[in-house]
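coordinates for the following, if possible.
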Amino acid sequence: MAWKFLASFCNIFQEGREDEHKAYTIQAHGTSVARIHLHDWFILLFLVFLEVILNVIHPFRRFVGKDMMTDLKYPLKSNTVPVWAVPLYAVLLPIAIFVIFYIRRRNVYDLHHAILGLLYSVLITAVITDAIKDAVGRPRPDFFWRCFPDGKDYYDHLGNVICHGKASVIREGHKSFPSGHSSWSFAGLGFLSLYLSGKIKAFNRQGHVAKLCIIFLPLLAASLVAVSRVDDYWHHWTDVFAGGLIGLVVAFFCYLQFFPPPYSAHGWGPYAYFRALEEAHRSESSHLMIPPEGGDGHGGEDSGSSLTIVVADVPRKP
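Predicted structure coming up:
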């Protein structure tokens, strides 16, 4: 029944909380987790520096002849989705959702690895995208009006354009392939989609197909952003397709570095969390001293002997 599905869906926040005294909070374990991944955070800073350099570099000045202008005379429009909005929905929104799960579960491993995986997904995607942009230098569909804002075109003796528009606008006009909006959107929201699919156990083979609506929602948002880039004439359709593909592939690999596949039985938690549970159970395992059968504990040839039983580390039901 519908109410039963709703109740089971609401319980997704309770996974892993069956032992509150073993909660892995930021206060108790945050420092050690961050220390273990300190080198990962340093490499992340290097990726930020590399991304800044790639944005400073002028893209390849590709030859643009008069005959090519037929497909490059689309209107010069503003962005439907501004550049400043991309980090908000592709980075900050997923992090906010990660924090909500942490508040409910008190699992610092899940919070740390989700944030680190997300940032790597977005930054690796950004570096790949901007490196290709600079190397290819493909003109945008609105390149004509960037190059000749007054509509009067000029060409050199080889037939290449002689632009007289604003330098920064022309420079941006050579960054069509692949789409940065699309790649960033699919990198961040694609990672979020994988994260949610694991948390709500969308692929647990119980047939709750309604869960797919939650998984597809971030992907739909990313797709609409990609479509807006074509509608704004900032990109060709091949640009947004390539950008979306790059973002999804990188998000997939970054997610699997920290979490099991969403279809796994333990897909709701990170690998590090299960390792921590295993170590905790091992340290708590006790040795029970049980007298051998027939012994009274007061002498005899078996006096003083004992049988040691080791309590095995029984896997806990997720």
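
and the strands in the protein?
287-290, 307-310 (DSSP state E).

ranking the ones you listed by mean pLDDT, which is last?
Looking at these, the lowest mean pLDDT belongs to strand 307-310 (a mean of 41).

residue 169 contacts residue 143, correct?
No. Residue 169 is beyond contact range of residue 143, at 10.0 Å (criterion: C-beta atoms under 8 Å). (C-beta placed from N, C-alpha, C; glycine too.)

now do the same contact list for the spatially closest residue to residue 78 that is not a sequence neighbour.
The shortest distance from residue 78 to any non-neighbouring residue, by C-beta to C-beta, 6 or more residues apart in numbering, is to residue 232 (7.5 Å). If you count contacts by C-beta atoms under 8 Å, 6 or more residues apart in numbering, residue 232 has them with 77, 78, 79, 80.

that older thread, more neighbours, residue 169 and residue 143?
residue 143 (28 against 15; other C-beta atoms under 10 Å).

of the contacts of residue 232, keep whichever come out buried.
Taking 16 or more other C-beta atoms under 10 Å as the criterion, nothing in the contacts of residue 232 is buried.

reformat those residues as TSV; add pLDDT.
Output for these, formatted as TSV (pLDDT from 0 to 100):
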residue	pLDDT
77	92
78	91
79	93
80	94
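
for residue 159, grab the count of nearby residues.
Residues lying near residue 159 (other C-beta under 10 Å) number 12.

which parts of stretch 215-222 are buried?
215, 218, 219, 221, 222.

got any ranges where the stretch 201-318 of the chain has weak pLDDT?
280, 284-318 (pLDDT under 70).

before we move on, the earlier item: and which of the buried residues of stretch 215-222 is nearest to residue 185?
residue 222 (3.9 Å; C-beta to C-beta).

residue 185 is in contact with the closest one, correct?
Yes. Using C-beta under 8 Å, residue 222 is in contact with residue 185, at 3.9 Å.

what residues do the two have in common as contacts?
Residues touching both residue 222 and residue 185 by C-beta under 8 Å, 6+ apart: 244, 247.

list the contacts for residue 143?
So residue 143 contacts 64, 69, 72, 173, 174 (C-beta under 8 Å, 6+ apart).

now swap in residue 57 and tell me
Residue 57 touches residue 134, counting by C-beta under 8 Å, 6+ apart.

from residue 148, how far off is the closest residue to residue 190 other than its chain neighbours?
In this structure, residue 190 finds its nearest non-sequential neighbour in residue 251, 3.8 Å apart by C-beta to C-beta, 6+ apart. Separation of residue 251 from residue 148 (C-beta to C-beta, to the nearest Å): 39 Å.

okay, the two: which has more neighbours?
Just comparing residue 251 and residue 148: by other C-beta under 10 Å the higher neighbour count belongs to residue 251, 29 against 19.

quick one: the more buried one and residue 184 touch, right?
No. Using C-beta under 8 Å, residue 251 is not in contact with residue 184; the gap is 10.6 Å.

mutual contacts of those two, please.
In contact with both residue 251 and residue 184: residue 125, using C-beta under 8 Å, 6+ apart.

so which residues of this protein form helices?
2-10, 26-36, 38-56, 86-87, 93-105, 108-136, 143-147, 167-172, 180-199, 211-231, 237-258, 271-284 (DSSP state H).

out of these, deepest packed?
helix 180-199 (a mean of 27; mean count of other C-beta atoms under 10 Å).

for that helix, which helices and strands make contact with it?
Packed against helix 180-199, as judged by 3 or more C-beta pairs under 8 Å, 6 or more residues apart in numbering; DSSP states H and E, are the following elements: helix 86-87, helix 93-105, helix 108-136, helix 211-231, helix 237-258.

skipping its backbone neighbours, what lies nearest residue 228 in space?
residue 80 (4.3 Å).

so that neighbour sits against residue 233, correct?
No. At 10.8 Å, residue 80 and residue 233 do not qualify as touching, with contact defined as C-beta under 8 Å.

so residue 234 is in contact with residue 145, correct?
No. Using C-beta under 8 Å, residue 234 is not in contact with residue 145, being 12.0 Å away.

please determine how far the closest residue to residue 144 other than its chain neighbours is located from residue 140.
Excluding the flanking residues, the one nearest residue 144 by C-beta to C-beta, 6+ apart is residue 73, at 4.4 Å. Distance from residue 73 to residue 140, counting by C-beta to C-beta: 11 Å.

who has more neighbours, those two?
The neighbour comparison of residue 73 against residue 140 (other C-beta under 10 Å) goes to residue 140, with 24 against 16.

for that one, report the pLDDT, please.
With respect to pLDDT, residue 140 has a value of 96.

if we can go back for a sec, need the contacts of residue 143 in CSV with distance to residue 270, can you?
Putting the contacts of residue 143 into CSV (distance: C-beta to C-beta, whole Å) gives the following:
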residue, distance to residue 270
64, 48
69, 52
72, 47
173, 43
174, 41
